[in-house]
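Chemist: Provide a 3D model corresponding to the input given below.
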Amino acid sequence: MAYEWKDLPSRKNLFTVKNTVMIDLDKKKPIQHYSTNTKIAVVQKYIAPDKTYYRTQDAALNNLNYAFEAEAFGLPNEKAPLVPSESISLSNQVNSKYTTRSQEKKQTSAQNAATSKNGETGRLKNWLNKLFRRKNG
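Modeler: Coordinates of the predicted model:
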């Protein structure tokens, strides 16, 4: 299979954001493993139908299709769908029904705690009173 590698405007020094592997795109097998926060210099990019890949200068000079997925560096996948699929949006709607009530309760209790006389919360006053009573008494 022929890959259309495009040169980047300049060499990019990227850091892995998670443990990752360099993949042989021809064989779909891992070549080498890298740990999180590993610095890797990439010079070319290939946008596949489902993912975006980057490759190093050594791989480019040797005409090897060894590459890293864009997500390994925290970069966006340029071929990702722009709109979430229906199944994802439906599951989010279902989850939002259950979390809305609890979020409302948390928000109102936090608002009640934040509004009191002289800008102090009742809890803070009680805690300070207990603290000073123990020291004095």
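Chemist: could you use CA atoms for every contact and neighbour count after this?
Modeler: Noted.
Chemist: now the strands for the protein?
Modeler: 6-15, 20-24, 29-34, 39-47, 52-55, 66-69 (DSSP state E).
Chemist: next, the angle strand 39-47 makes with the first one.
Modeler: In other words, strand 6-15. Strand 6-15 and strand 39-47 meet at an angle of 150 degrees, taking axes from the mean of the first three to the mean of the last three C-alpha atoms, to 10 degrees as the criterion.
Chemist: what does strand 6-15 rub up against?
Modeler: Contacts to strand 6-15, defined as C-alpha atoms under 8 Å, 6 or more residues apart in numbering, come from residues T36, N37, T38, K39, I40, A41, V42, V43, Q44, K45, Y46, F73.
Chemist: how about the second one?
Modeler: Where contact means C-alpha under 8 Å, 6+ apart, the residues beyond strand 20-24 that reach it are 29-36, 64-68, 72.
Chemist: same thing but 7 Å
Modeler: Contact partners of strand 20-24, identified using C-alpha atoms under 7 Å, 6 or more residues apart in numbering, comprise K29, P30, I31, Q32, H33, Y34, S35, N65, Y66, A67, F68, A72.
Chemist: buried ones among those?
Modeler: N65, Y66, A67, F68, A72 (16 or more other C-alpha atoms under 10 Å).
Chemist: sketch out the low-pLDDT regions of the protein for me.
Modeler: Across the chain, residues meeting the criterion (pLDDT under 70) sit at 1, 79-122, 134-137.
Chemist: which segments of this structure make up each domain?
Modeler: Structurally, the chain divides into domains by automatic domain parsing as follows: 6-73, 86-136.
Chemist: what sits against P76?
Modeler: For P76, the contact set (C-alpha under 7 Å, 6+ apart) comprises A70.
Chemist: switch the cut-off to 10 Å
Modeler: Shown here is P76, whose contacts under the criterion C-alpha atoms under 10 Å, 6 or more residues apart in numbering are K51, T52, E69, A70.
Chemist: quick one: the residues you listed as JSON lines, columns for neighbour count too.
Modeler: Shown next, in JSON lines, are those (neighbours: other C-alpha atoms under 10 Å):
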{"residue": "K51", "neighbour count": "15"}
{"residue": "T52", "neighbour count": "20"}
{"residue": "E69", "neighbour count": "21"}
{"residue": "A70", "neighbour count": "19"}
